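[1] Here you go, sequence then predicted model.
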Amino acid sequence: LAARTAPEHAPLARSCVRSPVLLSVVSGASRMSGLVGRLIGRGKTPAQLVKYADNALDVLIGEGELMDDLQFVEGEFSGGGSGGGSHSRSNSARDPEYGEDVEESHIEKRLRQMKEIVYGDDSKPEANDAKAEELAQLMISEGLMRRLLVCFDSLPFEARKYTSDLFCNFVRKPRADFDTYLAENEDVLDLLIQGYDSQELGILCGTMLRCA
C-alpha cells in the first residue's frame with residue numbers, strides 16, 4: 001500500500017496499515033470467513049445434528065430460543081436467537097407431491113438431515129453406516145429419541161414421519177443396540193401405545209410398534 005502511494009501520503013498509508021483497529025477488522029473478517037467456510041463446506045456431524053434438533057425441539061415447545069450456526073460453532077449461546085415456538089421456520093423444501101416450495105420447520109430440517117444419514121439421499125443413495133451408528137448412539141445417550149416421542153403430538157407431520165423412519169431403522173439394523181435400549185426402557189414403548197390410540201398419531205405409532 002505504501003509503495004503505491006504518493007510520497008506525501010506515505011506516512012498516512014503506513015499508519016493505516018499499522019492501525020490496531022484496521023488489523024482487528026481484517027482479523028475478524030478473516031476469522032468470520034473461516035467459520036462460514038467450515039459451515040457451508042461440509043455437512044453437519046451426527047453430534048451437531050443432535051444438538052440442533054434438541055434446540056429446535058425446545059423452540060417448538062416454547063422452552064428455548066433458536067441458536068444460530070455461529071453460536072453452535074463458538075460453543076456458546078447468549079440467548080439472542082429468534083425463538084418463537086412452533087411457528088419458527090427454516091428454509092424452503094420441495095414438496096414431492098405438488099412440486100411446490102413449502103416452508104420447512106427447523107425440527108423437520110434437522111430430522112430430515114438425520115434421515116439422509118441413515119437412508120441416504122439423491123446425491124448419495126446409500127446410508128453412511130458409521131455415522132448412522134453414531135447418530136443412533138447419540139439419540140439414545142442424549143435422550144433425543146425419548147423427547148421426540150414424548151412430544152410426538154406437537155411435532156409437525158413431516159417431523160413425525162422422519163422420527164418414525166429413524167426409529168424403525170434403528171430397530172431393524174439394529175443400530176447402537178437400539179433393541180436392547182427399548183427392552184430396558186419400556187416407558188418408551190408405552191409412549192407409542194398411548195399414541196396408537198390417537199386418530200392423528202395412530203398410524204405412525206403403530207408402524208413403530210410393529211418394528212419394535
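    Noted; the coordinates are in hand.

[2] what mean pLDDT does stretch 182-193 have?
    Stretch 182-193 shows a mean pLDDT of 94 in the predicted model.

[3] ditto for stretch 157-174
    Taken as a whole, stretch 157-174 carries a mean pLDDT of 95.

[4] what's next to it, contact-wise?
    104-105, 107-108, 111-112, 114-115, 118-119, 132, 136, 139, 145, 148-149, 152, 155, 175-176, 178-180, 182, 201, 204, 207-208, 211-212 (C-beta atoms under 8 Å, 6 or more residues apart in numbering). C-beta: built from backbone N, CA, C; applies to glycine.

[5] hmm, which of those are the buried ones?
    104-105, 107-108, 111-112, 114-115, 118, 132, 136, 139, 145, 148-149, 152, 155, 175-176, 178-179, 182, 201, 204, 207-208, 211 (16 or more other C-beta atoms under 10 Å).

[6] Looking at Pro125 now. What's its pLDDT?
    For Pro125, the predicted pLDDT is 74.

[7] For Gly43, see how far away it is.
    Distance check for Pro125 against Gly43: by C-beta to C-beta, to the nearest Å, it reads 16 Å.

[8] So for these two, which sits in the more crowded spot?
    More crowded of Pro125 and Gly43, by other C-beta atoms under 10 Å: Gly43, with 11 against 8.

[9] Need the three-state assignment for the closest residue in space to the more buried one that isn't next to it in sequence.
    Take Gly43 and drop its neighbours on the chain: the residue closest to it by C-beta to C-beta, 6 or more residues apart in numbering is Gln113, 7.4 Å away. Of the three states, Gln113 takes helix according to DSSP: H, G, I helix; E, B strand; the rest coil.

[10] Test my guess that Gln113 contacts Thr45.
    No - taking C-beta atoms under 8 Å as the contact criterion, Gln113 and Thr45 are not neighbours in contact, 10.5 Å apart.

[11] quick one: the helices in this protein?
    If DSSP state H is used as the criterion, the helices of the chain fall at 10-18, 20-41, 46-60, 69-74, 106-119, 129-141, 144-150, 157-172, 178-184, 186-196, 202-211.

[12] Mean neighbour count, those: which tops it?
    When you average the neighbours per residue for each of those (mean count of other C-beta atoms under 10 Å), helix 106-119 leads with a mean of 23.

[13] Poorly predicted segments of this structure, please.
    Low-confidence segments of the chain, defined by pLDDT under 70, are located at 1-42, 68-103.

[14] Surely Pro46 and Glu134 touch.
    Yes - counting by C-beta under 8 Å, Pro46 touches Glu134, with 4.5 Å between them.

[15] what's in contact with stretch 180-199?
    In contact with stretch 180-199 (C-beta under 8 Å, 6+ apart) are residues 140, 145-146, 149-150, 152-153, 171, 174, 201-202, 204-206, 208-209, 212.

[16] can we see that at 7 Å?
    In this structure, residues lying in contact with stretch 180-199 by C-beta atoms under 7 Å, 6 or more residues apart in numbering are 140, 146, 149-150, 152-153, 201-202, 205-206, 208-209, 212.
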